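Chemist: Build me a structure from this.
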Amino acid sequence: MPFMKHILIKFDGNNSIKTTIHFCKMSFYWIKTNSLIKKIFQNYIWEIPNVENKIYLTFDDGPTPEITEWVLQELQKHNAKATFFCIGKNIEKHPDIFLKVIANNHSIGNHTFNHLNGWKTSTEEYLKNTKLCEYSISNLKSKISNLQSKLFRPPYGKIKPSQSKKLQKLGYKIIMWDVLSADFDGTISPEKCLENVLNNVKSGSIIVFHDSTKAFQNLEYTLPKTLEILSERGFVFEKID
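Modeler: Model (predicted):
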């Protein structure tokens, strides 16, 4: 079973931080991205500060039959906009669903063609794979929109500095996140997934969900309640441009 643990991380000098990390088997992840991480990697976008209570729901790994379409329906109920970071091979498999995302006026982001782990991939291969996804996006998107998608999220959040620098030179914005719902984690309950979001969101938060088969057990419970409860709290759901 997963558990939460407070740990003290010390760095050179007198600086230290106390943070909460989720441990699951041999992996761990932050539910709320630590402020020090945001400062170290400040060339990435972790949140979009504003005074209008705007927050940014994002969905990774689609398009996925039935699931992505269900997400679109739930978003429409609350007049909510979101950003979908799509995998190129899934766009090629399900172009009709991809076009539905665009037709509903949501933003599209690049999530590589094969969901690559940047830490385990050469920079040359990583860029090539990203460009393949870019082609898949542009090829279909051009049918209904001339806008170019220059949002990029590295799968697993793992990307080398050499990769991010070259992508940014190509005009990409590297979009990370402020809050991780952890819907992908089959060891946590749907209730815990919802708690991850509700207890950590603030104006400007970028929140990660997944429109994937793996995540749907948690997503199906969490997304409708997230939209309902956060709407009641006065939050507005916007897409990332």
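Chemist: Tell me which stretches of the chain form helices.
Modeler: Using DSSP state H, the helices of the chain run over 35-40, 67-77, 88-93, 95-103, 123-141, 161-169, 190-198, 216-232.
Chemist: give me the low-pLDDT residue ranges for this structure?
Modeler: In the predicted model, the chain carries pLDDT under 70 at residues 1-27, 144-147.
Chemist: Spatially central, which residue of it would that be?
Modeler: Geometric centre of the chain, nearest residue: Val208, 4.0 Å, by Cα atoms, centre = their mean.
Chemist: so that one makes contact with Ile55?
Modeler: No - with contact defined as Cβ atoms under 8 Å, Val208 does not reach Ile55; the gap is 12.0 Å. No exception for glycine: its C-beta is placed from N, CA and C like everyone else's.
Chemist: Give the closest residue to the residue nearest to the centre of the chain in space, chain neighbours not counted.
Modeler: Trp177 (4.6 Å; Cβ to Cβ, 6 or more residues apart in numbering).
Chemist: Turn the helices of the chain into JSON lines, including mean neighbour count.
Modeler: Shown next, in JSON lines, are the helices of the chain (neighbours: other Cβ atoms under 10 Å):
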{"stretch": "helix 35-40", "mean neighbour count": "13"}
{"stretch": "helix 67-77", "mean neighbour count": "18"}
{"stretch": "helix 88-93", "mean neighbour count": "19"}
{"stretch": "helix 95-103", "mean neighbour count": "17"}
{"stretch": "helix 123-141", "mean neighbour count": "18"}
{"stretch": "helix 161-169", "mean neighbour count": "16"}
{"stretch": "helix 190-198", "mean neighbour count": "19"}
{"stretch": "helix 216-232", "mean neighbour count": "18"}
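Chemist: Kindly reformat those as TSV containing distance to Pro155.
Modeler: Below are those laid out as TSV (distance: least, Cβ to Cβ, whole Å):
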stretch	distance to Pro155
helix 35-40	18
helix 67-77	17
helix 88-93	11
helix 95-103	18
helix 123-141	10
helix 161-169	12
helix 190-198	20
helix 216-232	18
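Chemist: wait, which of those is closest to Asn50?
Modeler: Ranking the helices of the chain by distance to Asn50, with Cβ to Cβ as the measure, places helix 216-232 first at 14.8 Å.
Chemist: Summarise which helices and strands the closest one is packed against.
Modeler: Identification of packing neighbours for helix 216-232 by 3 or more Cβ pairs under 8 Å, 6 or more residues apart in numbering; DSSP states H and E yields helix 67-77, helix 190-198, strand 206-210, strand 236-237.
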